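Trainee: coords please:
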Amino acid sequence: MISIAMTASRNGSADTLQIRYWEALVRFGNACGIEVAPFTLPLYADETYIGWCAEHFDGFLFTGGVDLDPVLYGETNDAGLTKDITPARDTFEMLLGRAVIRTGKPTLGICRGIQSMNVAAGGSLWQDIHSQCCLQEHSPHDENDKPRHTVYVNGRLADILGASVVETNSYHHQSLKEVPTGADILAHAHDGVVEAFALRDHPYYLGVQWHPELDPDGVSEKLFTDFIRTVKALQK
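Mentor: Reported below is the predicted structural model:
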């Protein structure tokens, strides 16, 4: 059995996580014959605790959620483009991201997760892609809308997915702007919005902008299966 620790969202005084992340890890683990024990990490920003987690869990999943504080990548929110901020989560994920870079533990990021991993590694974000950079719609217009678009994949991720063009869902208004030194952009939408990245010299520090755990399909299965198998292969 492998242990995969997941980052939480803060809801009032509680740190919570949508069950679909648990379900995806267990389902796709079972499908490839690997038992997965998911854990939700509380947003306890103590460096000793986070260091212990980075050493003892087998893998990490940075999950979706609200916007990151732009001060983390050297900008301000003077224009009000960043809508929601959870300081406790920002602090926790910056510390955890840097810790798993040091330990080399396999880490997958989803939506906010790719953004958090990018900033933790030294990158930056577009605070609002719709007003700053992009041409196509990346966010739902209402709760019944489920936008999808074409994503062009290259490098390591193309090998994982077995395709250079895939269709993904799209639920975000921020995205990666600059990636850190030593990172590769592995996917983009036709308007240039970054859809995936990875650190080149890390065993597995990879994030995607879409939600593979939401309405999972063949692309989701290949991504989760590759992540889970890598966690198992590198388990100590």
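
Trainee: below-threshold pLDDT in the protein: ranges please.
Mentor: Regions of the chain meeting the criterion pLDDT under 70 cover residues 135, 141-145.

Trainee: pick out the residue closest to the middle of it.
Mentor: Central residue of the chain (CA atoms, centre = their mean): residue 109, 1.8 Å from the mean position.

Trainee: so where does it fall, helix or strand?
Mentor: strand 107-110 (DSSP states H and E).

Trainee: got the buried residues for that strand?
Mentor: 107-110 (16 or more other CB atoms under 10 Å). In this view, the C-beta of every residue, glycine as well, is placed from N, C-alpha and C.

Trainee: ok, back up a step: okay, and the beta partners of the residue nearest to the centre of the chain?
Mentor: Beta-bridge pairing of residue 109 under DSSP bridges involves residue 62, residue 207.

Trainee: so the residue of the chain most remote from its centre: helix, strand or coil?
Mentor: Here the chain reaches farthest from its C-alpha mean at residue 78, the gap being 26.1 Å by CA atoms, centre = their mean. Here residue 78 is recorded as coil under DSSP: H, G, I helix; E, B strand; the rest coil.

Trainee: ok, residue 198 - contacts?
Mentor: Going by CB atoms under 8 Å, 6 or more residues apart in numbering, residue 198 touches 155-157, 183-184, 186, 204-207.

Trainee: tell me which element it falls in.
Mentor: Going by DSSP H and E, residue 198 is part of strand 194-199.

Trainee: so what strands line up beside that strand?
Mentor: By DSSP bridges, strand 194-199 pairs with strand 183-188 (antiparallel), strand 205-208 (antiparallel).

Trainee: most neighbours per residue, which of those?
Mentor: strand 205-208 (a mean of 26; mean count of other CB atoms under 10 Å).

Trainee: contacts made by that one with the rest, please.
Mentor: Contacts for strand 205-208 (CB under 8 Å, 6+ apart): 62, 100-101, 106-111, 113-115, 117-118, 121, 156-157, 168, 186-187, 195-199, 223, 227.

Trainee: other residues contacting stretch 48-57?
Mentor: In contact with stretch 48-57 (CB under 8 Å, 6+ apart) are residues 3-5, 39, 41, 44, 60, 92, 95-96, 99-100, 102-103, 105.

Trainee: which stretches in this protein count as helices?
Mentor: Using DSSP state H, the helices assigned to the chain run over residues 19-31, 47-56, 87-103, 112-120, 129-132, 155-161, 218-234.

Trainee: how far off centre is the fifth one?
Mentor: Okay, so that is helix 129-132. Centroid separation for helix 129-132 versus its chain: 20 Å, with CA atoms, centre = their mean, to the nearest Å.
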